[in-house]
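In: One predicted model, sequence on top.
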Amino acid sequence: MTVASLLLIVVLAAAVFVGALVQGVVGLGVGLVFAPIAATLVPELMPVLPLWLGLATASSSLLTERHGIDWHVIRWAMPARVAGTAGGIWLVLQFTPSQIGIAVAVMVLLAVALSVRSVTVPVNRGTLVGAGLAGGVAGTATSIAGPPIALLLQHRKPSEVRPTLAVFFTVGAAVSLVGLAATGAAPPAAFGIGILLTPFVFAGLYAGARVRERVSRERFRYAVLVVCALSALVLLAKSLA
């Protein structure tokens with residue numbers, strides 16, 4: 001292994017650790033921190049590498065907080081998330097990553113702006129299906145699936161939001177990976193590097209579990225909004241660049 005390749009692994013590992021830490025507190029974060037860095041340093045492994053690490057992060061989170069899962073949310077949002085995978089694959093094949101990224105980022109920023117102005121969207125079958133569908137499309141095309149469903153659940157208890165998002169991400173990422181592999185858009189190297197970086201997922205989640213004990217419900221809501229806005233801004237900047 002050359003010095004350059006070793007440095008690359010170190011940078012990617014640091015990004016995974018920080019992203020998993022944020023996700024351990026808020027319920028999403030790996031896509032925000034890791035995906036832009038991976039897109040810059042190893043674009044040939046996108047979006048498979050972030051999806052793999054997102055799968056590892058979410059499935060690990062379920063081991064400690066599965067008792068708080070809101071199965072009503074999953075029942076309506078998950079089938080739509082799976083259906084949205086097909087739309088995401090179609091976007092990957094038809095449009096450039098920049099075009100997709102700009103569209104997704106603008107939609108997320110608009111949703112955050114409405115939330116800041118205290119516009120509360122009811123959590124019902126229709127909104128859950130819509131959020132699930134949007135998450136499926138965005139997650140498969142850009143590896144950032146969390147903002148639609150996270151914004152919808154921002155007023156819920158953190159102990160419910162985190163595991164519910166974890167189920168959403170686990171199943172959704174797995175379906176996206178299968179779909180991308182079936183279309184030949186999943187380079188084997190992405191899985192190899194993903195396995196190498198997985199221990200840093202566990203380290204980040206452990207650190208996040210220590211931090212979240214100090215976060216109140218209101219601060220949790222603001223943290224969700226900040227993470228969603230930052231993810232959209234980073235995606236927008238990357239797409240425009």
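Out: Yep, it's here.

In: okay, and the helix or strand of the protein with the least pLDDT?
Out: helix 97-116 (a mean of 77; mean pLDDT, DSSP states H and E).

In: Point out the other helices and strands that that one packs with.
Out: When contacts are defined as 3 or more CB pairs under 8 Å, 6 or more residues apart in numbering; DSSP states H and E, helix 97-116 sits against helix 125-142, helix 146-152, helix 217-240. Bear in mind the C-beta positions are built from the backbone N, C-alpha and C, glycine included.

In: Let me know which of these is tucked in deepest.
Out: helix 146-152 (a mean of 27; mean count of other CB atoms under 10 Å).

In: Would you mind putting the CA coordinates of that one into CSV?
Out: Taking Å, rounded to 0.1, in the frame of the first residue of the first chain, the C-alpha atoms of helix 146-152 are listed here in CSV:
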residue,chain,number,x,y,z
GLY,A,146,-32.7,10.7,5.1
PRO,A,147,-34.0,14.3,5.0
PRO,A,148,-37.6,13.6,3.6
ILE,A,149,-38.6,11.2,6.4
ALA,A,150,-36.5,12.9,9.1
LEU,A,151,-38.2,16.2,8.5
LEU,A,152,-41.6,14.5,8.7
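
In: could you give the mean pLDDT of it?
Out: When pLDDT is averaged over helix 146-152, the result is 86.

In: how far does it sit from the chain's center?
Out: From the chain centre to the centre of helix 146-152 is a distance of 10 Å (CA atoms, centre = their mean, to the nearest Å).

In: how about whichever helix or strand comes after it: buried residues?
Out: Downstream of helix 146-152, the first helix or strand assigned by DSSP states H and E is helix 158-182. Neighbour-count burial for helix 158-182, counted by 16 or more other CB atoms under 10 Å, picks out 158, 160-177, 179-180.

In: Tell me what angle the helix or strand just after helix 158-182 forms with helix 217-240.
Out: Heading C-terminal from helix 158-182, the first helix or strand you meet, by DSSP H and E, is helix 188-212. Per axes from the mean of the first three to the mean of the last three CA atoms, to 10 degrees, the angle that helix 188-212 makes with helix 217-240 is 150 degrees.

In: Next, the buried residues of helix 188-212.
Out: Within helix 188-212, the residues scored as buried using 16+ other CB under 10 Å are 190-191, 193-194, 197-198, 200-201, 204-205, 207-208, 212.

In: re earlier: tell me which residues are up against the least confident helix or strand of the chain.
Out: With CB atoms under 8 Å, 6 or more residues apart in numbering as the test, helix 97-116 has contacts from 39, 46, 91-92, 121, 134, 138, 141-142, 144, 147-148, 151, 154, 225, 228-229, 231-233, 235-236, 238-240.

In: tell me which residues in that helix are buried?
Out: For helix 97-116, using 16+ other CB under 10 Å, the buried residues are 97, 100-105, 108-109, 111-112, 115.

In: What separation is there between residue 42 and residue 195?
Out: 15 Å (CB to CB, to the nearest Å).

In: next one: residue 143
Out: 17 Å.

In: Could you do residue 49 as well?
Out: 11 Å.

In: Likewise for residue 236?
Out: 31 Å.
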